[in-house]
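Participant: Sharing a model that was predicted from the sequence below.
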Amino acid sequence: MSIAERLQRQHLRNLTPYASARRSMSGGAVWLNANEAPLTPSLPADATQANRYPAFQSSALNQVYARYAGVNEAQLLSCRGSDEAIDLLIRTFCEPGQDQIMICPPTYGMYAISAQTHGAGVTEVPLVARGDDMQLDLPAIYQRLDGVKLIFVCSPSNPLGNELATDDLRELLEQVGERALVVVDEAYIEFAAAGVSGKLNQLSDWLNEYPQLVILRTLSKAFGLAAIRCGFALAGNDIIQCLRKVIAPYPLPQSTLDYATRALQPQGIAAMHAMLASVSDQRQRLLNALASRQWVKRIWPSTTNFVLLTVTDASALVATCADHGVLIRNQSQQLGLDNSVRISIGSREEIDQLLEALPA
């Protein structure tokens with residue numbers, strides 16, 4: 001029995017997923033099997049019509065992303081952002097009122113919220129200080145695995161901005177074995193991998209070695225496509241098949257499929273890399289400007305499109321910036337991040353406005 005078959009919720013083992021018209025049949029010249037309208041009345045006849053349901057999983061999109069991520073198509077599920085992938089994993093593997101997820105705060109808040117909305121418990125094992133940043137507390141993780149089905153780790157970290165040590169991730173996978181799935185959220189991986197050979201798909205290369213590994217990706221960050229809501233779960237085929245039982249019949253609208261597929265063509269990927277270079281320049285420009293500000297108590301190391309600052313008064317700083325029409329994020333509610341703010345790296349013009357708003 002595979003790890004996915006063993007860990008999935010009991011009632012899903014014999015569940016036959018809904019066979020939508022697009023999922024159960026393909027081909028044909030006259031589509032009369034999905035109760036669709038013959039056209040879109042609000043559009044002229046020669047316009048692109050919106051009367052047909054999109055594919056359950058678009059081969060065009062999944063093939064280009066699989067090539068980009070260095071996996072095969074059977075190891076990939078496209079979702080409504082990586083947030084949906086988080087939700088699907090919890091719905092698939094955690095019995096309400098019985099199973100737990102593990103998180104390592106400070107971290108992305110949706111892991112815990114998704115677990116709580118589905119009645120799963122949340123075990124917290126905080127990151128620990130190591131050098132200039134924070135890393136996994138591996139001994140504490142191993143001591144608290146009872147009842148845990150999913151371990152969510154975020155690398156590069158949101159809200160910290162640093163990467164988790166690769167050796168720690170490998171050790172975590174080795175020690176956890178098949179007791180739980182290890183979910184590595186790589187929403188910001190393109191920023192960390194910029195200019196580093198082999199970095200982008202370092203973890204996806206591990207999928208064949210570790211059947212317990214799941215990787216989350218998104219087009220919202222480096223590709224600048226947050227509005228279209230497109231993300232991906234990368235995992236072994238057995239895990240992907242379990243998630244396919246739970247995902248909606250038509251998860252992504254056709255417009256999203258078209259945008260995403262176009263963004264993953266060579267020209268789109270080249271444009272993404274050009275933006276990464278611009279973000280890196282603006283991040284360094286901001287860091288240089290912040291270095292001499294007395295109200296900045298700590299600048300956390302970042303490989304992402306944001307920087308985390310510990311400041312004298314986070315609430316006052318957020319309010320001051322808002323008064324100038326510039327919105328930054330107060331992260332002081334996160335464990336160990338008192339008086340901390342997160343600032344995204346925008347365009348040169350946006351950084352200009354930010355620097356004018358910030359106290360001297």
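Facilitator: That came in fine, so what should we check first?

Participant: What count of nearby residues applies to Ile269?
Facilitator: By other CB atoms under 10 Å, 16 other residues sit near Ile269. For every residue, glycine as well, the C-beta is placed using N, CA and C.

Participant: swap that for Lys199, please
Facilitator: The burial count for Lys199: 16, using other CB under 10 Å.

Participant: Ok, the one 4 residues further on next?
Facilitator: Residues contacting Leu203 under the criterion other CB under 10 Å number 22.

Participant: check contacts around it.
Facilitator: Leu169, Val184, Glu186, Leu213, Ile215 (CB atoms under 8 Å, 6 or more residues apart in numbering).

Participant: Going by neighbour count, list what's buried in the one helix or strand the second one maps to.
Facilitator: Element membership of Val184, judged by DSSP states H and E, is strand 181-185. Across strand 181-185, burial judged by 16 or more other CB atoms under 10 Å covers Leu181, Val182, Val183, Val184, Asp185.

Participant: want to try TSV for those residues, with pLDDT and distance to Cys242 as columns?
Facilitator: As requested, the buried residues of strand 181-185 are exported to TSV (pLDDT from 0 to 100; distance: CB to CB, whole Å):
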residue	pLDDT	distance to Cys242
Leu181	98	10
Val182	98	16
Val183	98	13
Val184	98	18
Asp185	98	19
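
Participant: ok so, going back, which element follows the strand holding Val184 toward the C-terminus?
Facilitator: Past strand 181-185, the next helix or strand by DSSP H and E is helix 189-193.

Participant: Partner strands of whatever helix or strand comes next after that following helix and their direction?
Facilitator: As assigned by DSSP H and E, the chain's next helix or strand after helix 189-193 is strand 213-218. Strand pairing for strand 213-218, determined by DSSP bridges: strand 181-185 (parallel), strand 231-235 (antiparallel).

Participant: How about exporting the last one as CSV, limited to the C-alpha atoms?
Facilitator: When you say that, I think you mean strand 231-235. Output of strand 231-235 as CSV, limited to C-alpha atoms (Å, rounded to 0.1, in the frame of the first residue of the first chain):
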residue,chain,number,x,y,z
GLY,A,231,-0.9,27.3,-8.5
PHE,A,232,0.4,23.7,-8.5
ALA,A,233,0.9,20.7,-6.3
LEU,A,234,3.9,18.6,-7.2
ALA,A,235,4.0,15.1,-5.7
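
Participant: which other residues reach it?
Facilitator: Applying CB under 8 Å, 6+ apart, the contact partners of strand 231-235 are 65, 69, 71, 75-85, 88-89, 204, 207, 213-220, 239-240, 243.

Participant: If we use 7 Å, what do you get?
Facilitator: For strand 231-235, contacts defined as CB atoms under 7 Å, 6 or more residues apart in numbering pick out 65, 69, 71, 75-79, 81-82, 84-85, 204, 207, 213-219, 243.

Participant: which residues in the stretch 101-250 of the chain form strands?
Facilitator: 121-124, 128-130, 133-135, 148-154, 181-185, 213-218, 231-235 (DSSP state E, counting those that start in this stretch).

Participant: I'd like the ones you listed as CSV, with distance to Glu163 appended.
Facilitator: Shown next, in CSV, are the strands of the stretch 101-250 of the chain (distance: least, CB to CB, whole Å):
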stretch, distance to Glu163
strand 121-124, 21
strand 128-130, 12
strand 133-135, 9
strand 148-154, 10
strand 181-185, 11
strand 213-218, 14
strand 231-235, 18
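
Participant: Which of those sits closest to Leu355?
Facilitator: Among the strands of the stretch 101-250 of the chain, the nearest to Leu355 by CB to CB is strand 133-135 (25.2 Å).

Participant: which residues touch the closest one?
Facilitator: Leu127, Val128, Leu160, Asn162, Leu164, Ala165, Asp168, Trp300, Pro301.

Participant: just stretch 249-256 next, same as before
Facilitator: Outside stretch 249-256, the residues touching it (CB under 7 Å, 6+ apart) are Tyr18, Ser20, Arg23, Tyr53, Pro54, Phe56, Ser78, Cys79, Arg80, Ile228, Arg229, Cys230.

Participant: ok, and for that stretch, which residues are buried?
Facilitator: So for stretch 249-256, counting by 16+ other CB under 10 Å, buried means Tyr250, Pro251, Leu252, Pro253, Gln254, Thr256.
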